[in-house]
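Trainee: coordinates only, no sequence provided:
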Ligand SMILES: N[C@H]1[C@H](O)[C@@H](Sc2ccccc2)[C@@H]2OC[C@H]1O2
């Protein structure tokens with residue numbers, strides 16, 4: 001039985017969190033976006049057109065003595081934000097920290113959309129969702145976590161994302177030094193391939209909790225906290241000068257004073273998103289107005305507890321108990 005840990009670094013404005021992995025023999029080092037909202041491990045590769053690569057590191061299967069092409073297999077994925085990528089598949093050795101999977105499906109990109117080409121520091125995605133939504137055809141492949149979870153001390157991983165500072169993903173153990181108090185546990189519905197749960201309610205600032213079920217997914221690959229329109233409206237009504245700005249594509253409000261906290265329930269516990277985390281980023285050079293870290297989930301079909309929510313907590317993704325745990329950071 002094993003455990004592992006790897007550091008993850010926050011990009012500017014915590015827009016994404018990038019984590020080093022290595023693929024192949026000798027090891028090829030890439031830095032990728034660990035994404036609990038999808039289940040494909042895909043990377044920029046030597047099979048792409050040069051025009052689609054702008055600074056990223058690439059995987060070269062021909063330069064790995066352990067790569068083996070999965071003949072006839074292809075993949076194609078389109079993400080919630082409209083970005084997409086596609087390619088073919090190799091089995092190769094993948095290492096994260098001290099953990100190695102010898103025959104992990106590595107999806108080599110032949111094509112990526114501009115959002116990925118323009119994201120110079122991001123060499124691909126490592127899906128940590130359920131393998132049921134892996135896009136490889138004709139035979140869907142397992143995620144890294146699914147391949148290693150039975151060798152771990154416990155079939156779980158934790159995400160300890162931070163605001164503008166390095167955090168960590170741990171595999172196989174819950175670090176007691178990472179949180180204080182009790183972890184609030186809530187059951188996961190994995191039927192759609194996501195880490196989906198239902199929050200019983202929310203509160204704005206110091207007001208009383210409102211009974212209002214919010215069903216959504218814990219998604220490390222989504223930057224913001226995307227909630228039902230009615231909840232978002234109720235929140236921004238409490239901020240002087242807040243308004244929906246169609247140019248910016250979301251609610252914008254004066255960066256000062258600090259907006260109220262946003263609190264959501266997790267079973268019998270609560271998670272507080274501090275107001276200064278809701279001021280996601282200034283929309284102008286004078287830093288007068290801020291784009292909100294809480295926006296509407298309209299059109300998605302469920303809410304998304306992205307990094308704005310996750311970075312407030314120490315979060316346990318427990319595949320054994322099929323539950324999510326939210327703990328207050330130490
Ligand atoms: N689970 C998320 C995924 O990780 C990203 S894919 C991505 C796109 C460009 C840059 C970085 C990542 C996309 O936004 C929300 C949802 O889809």
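Mentor: Here it is on my side, so go on. Computed from a predicted structure; not experimentally measured. Numbering: from 1, shown residues only.

Trainee: near the ligand, which residues of the stretch 201-330 of the chain are found?
Mentor: Contacts of the stretch 201-330 of the chain with the ligand, taken as CB under 6 Å from any ligand atom, map to 219, 221, 222. For the C-beta atoms, the positions are set from N, CA and C on the backbone; glycine is no exception.

Trainee: may I have the phi/psi pair for residue 83?
Mentor: Here is the backbone geometry of residue 83 (degrees, to the nearest 10): phi -70, psi 160.

Trainee: contacts only, for the residue lying closest to it once chain neighbours are set aside.
Mentor: Computed as CB to CB, 6 or more residues apart in numbering, the closest residue to residue 83 that is not its neighbour in sequence is residue 115, at 3.8 Å. By CB atoms under 8 Å, 6 or more residues apart in numbering, the contact list for residue 115 reads 81, 82, 83.

Trainee: three-state assignment of the first one?
Mentor: Yep, that's residue 81 we're talking about. The three-state assignment at residue 81 reads coil, by DSSP: H, G, I helix; E, B strand; the rest coil.

Trainee: quick revisit: for ChimeraX, what selects the buried ones among the contacts of residue 115?
Mentor: Typed into ChimeraX, the next command selects the buried ones out of those (criterion: 16 or more other CB atoms under 10 Å):
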select :83
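
Trainee: now render the contacts of residue 115 as a markdown table, adding pLDDT.
Mentor: As requested, those are exported to a markdown table (pLDDT from 0 to 100):
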| residue | pLDDT |
| --- | --- |
| 81 | 93 |
| 82 | 96 |
| 83 | 98 |
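
Trainee: list just the nearest of the contacts of residue 115 to residue 189.
Mentor: residue 81 (22.8 Å; CB to CB).

Trainee: got a pLDDT number for whichever residue of the stretch 201-330 of the chain sits closest to the ligand?
Mentor: Here the residue of the stretch 201-330 of the chain nearest the ligand is residue 221; by CB to the nearest ligand atom that distance is 2.2 Å. Note for residue 221: predicted pLDDT of 98.

Trainee: likewise the one 4 residues further on?
Mentor: For residue 225, the pLDDT comes out at 98.

Trainee: got it, and the one 3 residues further on?
Mentor: pLDDT for residue 228: 98.

Trainee: ok, residue 286 next?
Mentor: Per-residue confidence (pLDDT) for residue 286: 84.

Trainee: what is the neighbour count of it?
Mentor: 8 (other CB atoms under 10 Å).

Trainee: gap between it and residue 236?
Mentor: Distance, residue 286 to residue 236, by CB to CB, to the nearest Å: 21 Å.

Trainee: I'd like the next helix or strand past the strand or helix carrying residue 180.
Mentor: Here residue 180 sits within strand 179-187, counting by DSSP states H and E. Toward the C-terminus, strand 179-187 is succeeded by strand 196-204 as the next helix or strand (DSSP H and E).
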